[in-house]
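Peer 1: need a 3D model of the following:
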Amino acid sequence: MSLVHPFPVPGILWYDWAVIVSGLGIGVGGMFEFIRYSAGKKNEHRVYTWTNFWLLLSGVIHVWIEFNMVFYRSSSLIKPTMDMYAAADYRYGDYNGMMESGTTAMELITAVIDGPLCFLVVFAAAHDFPWRHPVQIILCTMQLYGLVWFTLQPIYSDTGLAGHFSSDPMLFWLIAVGANAPWSIFPTILLIQSFCAIVDSFKKSSTVR
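Peer 2: Alright, predicted model coming up:
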């Protein structure tokens, strides 16, 4: 039985958006600099890539925003922005300090496993470590699995999509769909990239033999 219910659209000030944008910028920029420093000048060309940008942005979102959703739903500095998301997807609402239980479990895994894995893949890519692609496959599979669960769970509930998402087209398409759409695109591309890289590696290995 579904226990979620609609939430009103909160009044969000420019300050609330500034916190999100600046937090993401500081997080991504800080991780870029840390990895650049660890990789050294000879590997610098491997650091500043669009793939690494996506992975670092994704990682910061996982370990900061989604971590706050799980552990600090009522008291976080970014609560107004989380309330805006909850107005679009009721599962993310503040239910006495927690989200809907299944969503909390999924976001917990995302925050404590997917987030660090994003950083680990970038670290491996910057250093050209051979285990980068196996870890990337694990990460992308987990992200895609989470997205599929996120999409299917309301469909198989007693209230359906209408009982979980706002009927407001802007909230539904811009926030509920739009904010999650990148995780259907980029993990798929990176999963194919890693699959092809591993296949090529096996081919070269068999040719040498």
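
Peer 1: so, low pLDDT: which residues of the protein?
Peer 2: Along the chain, segments meeting pLDDT under 70 span 1-2, 208-209.

Peer 1: and residue 169, how close does it get to residue 90?
Peer 2: 16 Å (Cβ to Cβ, to the nearest Å). Every residue, glycine included, has its C-beta placed from N, CA and C.

Peer 1: do a quick rundown of the helices in this structure.
Peer 2: Counting by DSSP state H, the chain has these helices, from start to end: 14-39, 50-60, 67-71, 79-88, 101-109, 115-127, 132-155, 169, 182-208.

Peer 1: now tabulate the ones you listed in JSON lines and tack on distance to residue 95.
Peer 2: Listed next are the helices of the chain as JSON lines, based on distance: least, Cβ to Cβ, whole Å:
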{"stretch": "helix 14-39", "distance to residue 95": "21"}
{"stretch": "helix 50-60", "distance to residue 95": "26"}
{"stretch": "helix 67-71", "distance to residue 95": "12"}
{"stretch": "helix 79-88", "distance to residue 95": "10"}
{"stretch": "helix 101-109", "distance to residue 95": "9"}
{"stretch": "helix 115-127", "distance to residue 95": "23"}
{"stretch": "helix 132-155", "distance to residue 95": "16"}
{"stretch": "helix 169", "distance to residue 95": "25"}
{"stretch": "helix 182-208", "distance to residue 95": "24"}
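
Peer 1: so for residue 94, which of those sits nearest?
Peer 2: helix 79-88 (6.9 Å; Cβ to Cβ).

Peer 1: returning to what we had before: of the helices of the chain, which is nearest residue 8?
Peer 2: Comparing these under Cβ to Cβ, the one sitting nearest is helix 79-88, at 6.4 Å.

Peer 1: for the closest one, which outside residues touch it?
Peer 2: The contact list for helix 79-88 (Cβ atoms under 8 Å, 6 or more residues apart in numbering) reads 6-13, 16-17, 19-20, 65, 68-69, 72-73, 76, 92-94, 165-166, 168, 171-172, 174-176, 179.
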